[in-house]
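Visitor: got a sequence here, can you model it:
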Amino acid sequence: MRTPILQTMMRSKHILRGMVGSREREVLEMIRVRWVAASVAALAVCSLSQASFADDLAGAVRLGGQAVSGAKVILWRTAGNAAPSSLAEASTDASGAFEMPGFPEGKAGGVYYLTTRTGPSDAVALLSVLGEKAPPAVVVNELTTVASVFTNARFINGTAISGNDVGLRIAAGNVPNLVDPSTGTWGKVVLNPLNSSQTATLAKLNTLGNLITAFATTADAAWRTEFLKTATADGAAAPTDTLQAMAGIARRPWVNTTALYGLFDAAYPQPKDGARRDAPLLPYLFHAPSDFALSLWFDGGGALAAGKQSIDADGNIWSGVNWMPGSQSGVAANIGGGTAKYAPDGTALSPAITGFTGMGLDGVGWGTGVSEDKVWIGGLNGTILLMGLDGKPIGQESDFPMAGQLGGLMGSGFSENGDVWMADGTRNRLLHFPGGRVADGRIVEVPGLKSPFGVAIDAQNRVWVSNSQSNTVVRFGVDDPSKIERFTVGGSVRGVALGSKGNLWAASNEPPEFPPEKIPDGVPIMVQFEIALKHMLTVLEENPKLKTGVLNMITSDGTQSTSKGYGDGVVSVPWGVSIDGADDVWFGNFWGRGVGLMAGTDPKSHAAGTKTGDVIHIFQSGAIQMITDVGIDPAGNDWAAHNWNDLDAVVAKDPTDPILTKGGGQGVVVLYGVAAPVRTPLLGMVRKP
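Guide: Now for the predicted structure:
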């Protein structure tokens with residue numbers, strides 16, 4: 001019978017092949033030799049060992065590629081909001097190696113992680129989040145610390161990690177995308193062609209890692225003090241170690257970026273001859289970034305021109321897509337796409353090219369919604385695809401009472417009582433499915449609708465609907481849809497979302513002063529988009545100083561602090577809007593190719609003087625194309641949908657070869673840990689997990 005130590009030892013050759021760097025191989029070879037020496041003793045206590053622990057854990061602590069000796073390593077298990085429990089402790093030897101029992105049997109569930117301290121006053125604190133099962137060998141270093149902190153940013157308090165179980169699993173599952181905990185080197189996703197060469201994420205990851213190494217190796221106490229001060233949240237006490245400092249940066253990655261880069265420059269000065277800096281991790285940033293957010297770009301699963309996003313209870317991301325990948329589609333001519341699904345770690349789960357499809361679906365605009373157990377997709381061709389969470393259709397097209405009577409379907413809204421509402425964007429009406437029952441579905445005529453787009457249902461069972469061919473949002477009670485309230489906002493209203501207090505936020509492509517486009521009734525959705533796009537380009541050519549887009553807030557009692565909306569001049573053709581667990585507002589800054597953050601109804605967590613409606617930051621990178629929707633998951637990650645990419649390809653009737661497949665945006669992008677977590681799926685108003 002093999003002991004856990006022998007099992008781990010026999011796997012060590014495979015682990016060693018996965019390492020990079022001769023020193024790492026030397027360290028793990030030492031560990032393997034020690035396992036062999038311990039195996040005889042382990043056989044003597046085989047039955048006791050197997051009864052107590054499921055596996056053994058061995059590894060090394062490194063900084064700047066060098067061994068860290070005498071460091072105390074602690075293995076933790078966290079589950080839910082309770083304080084994490086300490087399972088085992090060890091100290092590193094002269095080679096930086098350690099070994100300890102793994103996680104106890106019978107402790108199924110939860111997430112495991114390692115912490116260690118070293119350096120001046122034990123202020124160099126390192127972290128590695130291992131996931132739901134600890135690997136047999138690990139390396140804890142500056143890279144595992146940065147990756148673990150950013151993905152778990154919303155759950156860290158000192159060295160303690162805790163929070164909602166779904167969020168903890170999502171956070172742990174994303175660590176290997178950035179850094180492999182078993183080797184301490186870069187993860188597969190950050191190294192793939194989309195991310196390694198198209199974005200600055202790898203350089204940001206390394207620059208932050210270099211700052212941790214500098215903290216541990218510099219003899220300048222003033223530098224260390226300044227680093228901790230720079231990472232301090234407004235009004236908070238300065239962090240006392242690198243882990244707290246990095247958590248502060250992760251939660252507000254747009255703050256003090258120039259100062260942080262200045263500290264990197266001071267620690268690793270640029271040689272006058274232009275040679276490489278003496279930084280241990282390459283590549284590093286050449287310029288101070290607008291933010292240190294770590295983002296990754298994911299593709300596949302049939303995602304081309306993704307529209308509305310919805311996130312299910314397990315954190316999977318769903319989005320209907322306008323067009324089929326490789327189809328050379330634009331607004332003038334197109335082949336409709338299906339539905340894309342991504343796992344919480346960004347793995348594409350839907351079929352390549354076509355995505356999930358069925359029940360006559362041919363192209364999707366804003367018509368994606370997720371209930372507790374089903375996925376509702378409204379098609380641009382007037383069909384509804386109803387699926388289970390496995391992506392398999394439930395029933396057939398003829399099951400819907402209104403089959404064959406619908407125009408292009410747009411947004412959907414879900415209430416806490418299970419009702420489903422969908423917008424018919426070409427025939428100016430709504431569909432209502434009481435309790436989500438297909439057989440009871442009916443068409444509802446509502447006055448005041450003009451190409452309805454976004455739908456939300458509040459706690460009073462009032463339905464809010466935005467009008468994409470107007471500057472109004474309407475609201476009505478379910479008991480009498482004929483009695484509406486009308487609210488004036490910016491023009492061409494798109495996505496809507498309800499905060500925790502019942503306040504509605506609406507995104508408008510155009511500010512109130514922008515000349516409205518004229519779109520004939522009954523025009524297909526893609527033709528509507530074409531007319532609106534060409535109108536905007538024409539107006540801006542004549543008056544380039546005009547602003548392009550605002551967000552409006554309407555309180556639960558129907559008041560507005562301003563009908564002109566919020567935007568600070570940097571909001572540019574916003575589409576989707578989502579509210580996070582702190583009631584802050586996130587939006588797809590479509591024309592500006594970014595993900596926007598706006599202060600919500602509780603702006604106290606931001607810099608002093610911040611007011612509701614102030615734009616806090618616009619995230620931009622090589623990974624971000626023209627964004628329609630943004631969605632927050634239970635870990636506080638912000639997922640953004642790439643809808644369009646090259647505008648010339650979108651509008652051209654015969655695009656040239658270099659751009660003919662670039663009309664649609666490619667896949668989705670995630671910003672790790674930037675938002676306050678929410679409970680998913682979204683049913684009515686935003687809820688904390």
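
Visitor: the residue nearest to Gly379 when sequence neighbours are not counted - how many residues pack around it?
Guide: Nearest-residue entry for Gly379: Leu361, 4.6 Å, with adjacent residues in sequence omitted and distances by C-beta to C-beta, 6 or more residues apart in numbering. From N, CA and C alone the C-beta is placed, and that goes for glycine too. Residues near Leu361, counting by other C-beta atoms under 10 Å, number 26.

Visitor: try Asn164
Guide: Residues within reach of Asn164, counting by other C-beta under 10 Å, total 20.

Visitor: Lys272 too?
Guide: Per other C-beta under 10 Å, the neighbour tally for Lys272 reads 6.

Visitor: where does it land in three-state SS?
Guide: Assigned with DSSP: H, G, I helix; E, B strand; the rest coil, Lys272 falls in the coil class.

Visitor: hang on, Thr680 packs against Ile317?
Guide: No. Under the criterion of C-beta atoms under 8 Å, Thr680 is not in contact with Ile317, lying 9.6 Å apart.

Visitor: for the residue nearest to Gly379, helix, strand, or coil?
Guide: Classification of Leu361 using three-state DSSP returns coil.

Visitor: any idea how far Trp575 is from it?
Guide: Here Leu361 is placed at a distance of 21 Å from Trp575 (C-beta to C-beta, to the nearest Å).

Visitor: re the thing from before, shared neighbours of Thr680 and Ile317, anything?
Guide: Overlap between the contact sets of Thr680 and Ile317, as judged by C-beta atoms under 8 Å, 6 or more residues apart in numbering, is given by Ile311, Asp633.

Visitor: between the two, who's got more neighbours?
Guide: When neighbours are counted by other C-beta under 10 Å, Thr680 and Ile317 differ, and Ile317 comes out ahead with 28 against 24.

Visitor: run through the residues that contact the nearest residue to that one once chain neighbours are set aside.
Guide: Among residues not flanking Ile317 along the chain, Tyr342 sits closest, at 4.4 Å (C-beta to C-beta, 6+ apart). If you count contacts by C-beta under 8 Å, 6+ apart, Tyr342 has them with Phe298, Gly301, Ala303, Asn316, Ile317, Ala348, Leu349, Ser350, Trp639, Val668.

Visitor: most neighbours among the residues you listed, please name it.
Guide: Neighbour max across the contacts of Tyr342 (other C-beta under 10 Å) = Ala303, 31 neighbours.

Visitor: just the pLDDT for that one.
Guide: Turning to Ala303, the model gives it a pLDDT of 97.

Visitor: and the spatially closest residue to Gly435 that is not a sequence neighbour, how close does it get to Phe98?
Guide: Nearest residue to Gly435 in three dimensions, chain neighbours excluded: Gly418, at 4.5 Å (C-beta to C-beta, 6+ apart). Between Gly418 and Phe98 the computed distance is 52 Å (C-beta to C-beta).

Visitor: pLDDT of whatever helix or strand Trp366 lives in, averaged?
Guide: Under the assignment given by DSSP states H and E, the secondary-structure element containing Trp366 is strand 364-370. Strand 364-370 comes out with an average pLDDT of 98.

Visitor: sheet-wise, list the partners of that strand with their directions.
Guide: Each strand pairing with strand 364-370, determined using DSSP bridges, is listed with its direction: strand 374-379 (antiparallel).

Visitor: any weak-confidence spans in the protein?
Guide: Applying pLDDT under 70 to the chain flags residues 1-55, 103-108.

Visitor: mind listing the helices for it?
Guide: In chain order, the chain shows helices spanning 4-10, 12-18, 22-44, 46-52, 142-151, 165-178, 188-191, 193-196, 201-217, 221-230, 242-251, 257-267, 525-542, 647-651, with DSSP state H as the criterion.

Visitor: I'd like these as JSON lines, with mean neighbour count appended.
Guide: Listed next are the helices of the chain as JSON lines, based on neighbours: other C-beta atoms under 10 Å:
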{"stretch": "helix 4-10", "mean neighbour count": "19"}
{"stretch": "helix 12-18", "mean neighbour count": "14"}
{"stretch": "helix 22-44", "mean neighbour count": "16"}
{"stretch": "helix 46-52", "mean neighbour count": "13"}
{"stretch": "helix 142-151", "mean neighbour count": "29"}
{"stretch": "helix 165-178", "mean neighbour count": "24"}
{"stretch": "helix 188-191", "mean neighbour count": "17"}
{"stretch": "helix 193-196", "mean neighbour count": "17"}
{"stretch": "helix 201-217", "mean neighbour count": "23"}
{"stretch": "helix 221-230", "mean neighbour count": "16"}
{"stretch": "helix 242-251", "mean neighbour count": "25"}
{"stretch": "helix 257-267", "mean neighbour count": "17"}
{"stretch": "helix 525-542", "mean neighbour count": "17"}
{"stretch": "helix 647-651", "mean neighbour count": "19"}
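
Visitor: okay, these in CSV with distance to Met402 next?
Guide: Putting the helices of the chain into CSV (distance: least, C-beta to C-beta, whole Å) gives the following:
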stretch, distance to Met402
helix 4-10, 60
helix 12-18, 56
helix 22-44, 63
helix 46-52, 61
helix 142-151, 44
helix 165-178, 35
helix 188-191, 43
helix 193-196, 41
helix 201-217, 46
helix 221-230, 59
helix 242-251, 46
helix 257-267, 52
helix 525-542, 18
helix 647-651, 31
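
Visitor: using CSV, write down the CA coordinates of stretch 148-168.
Guide: Taking only C-alpha atoms (Å, rounded to 0.1, in the frame of the first residue of the first chain), the coordinates of stretch 148-168 have been written out as CSV:
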residue,chain,number,x,y,z
SER,A,148,-4.2,35.1,-5.1
VAL,A,149,-4.8,38.6,-3.7
PHE,A,150,-6.4,40.0,-6.9
THR,A,151,-8.8,37.1,-7.4
ASN,A,152,-9.7,37.0,-3.7
ALA,A,153,-9.6,40.8,-3.2
ARG,A,154,-13.1,41.0,-1.8
PHE,A,155,-12.6,38.3,0.8
ILE,A,156,-9.2,39.2,2.4
ASN,A,157,-8.9,40.7,5.8
GLY,A,158,-5.3,40.5,7.0
THR,A,159,-4.3,36.9,6.5
ALA,A,160,-7.9,35.7,6.8
ILE,A,161,-10.0,34.8,3.8
SER,A,162,-13.7,34.3,4.2
GLY,A,163,-17.0,35.0,2.3
ASN,A,164,-19.8,33.4,0.4
ASP,A,165,-19.0,29.9,-0.7
VAL,A,166,-19.7,30.4,-4.4
GLY,A,167,-17.5,33.5,-4.5
LEU,A,168,-14.7,31.7,-2.7
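
Visitor: off-centre distance for it?
Guide: On the basis of C-alpha atoms, centre = their mean, to the nearest Å, stretch 148-168 sits 15 Å off its chain's mean C-alpha point.
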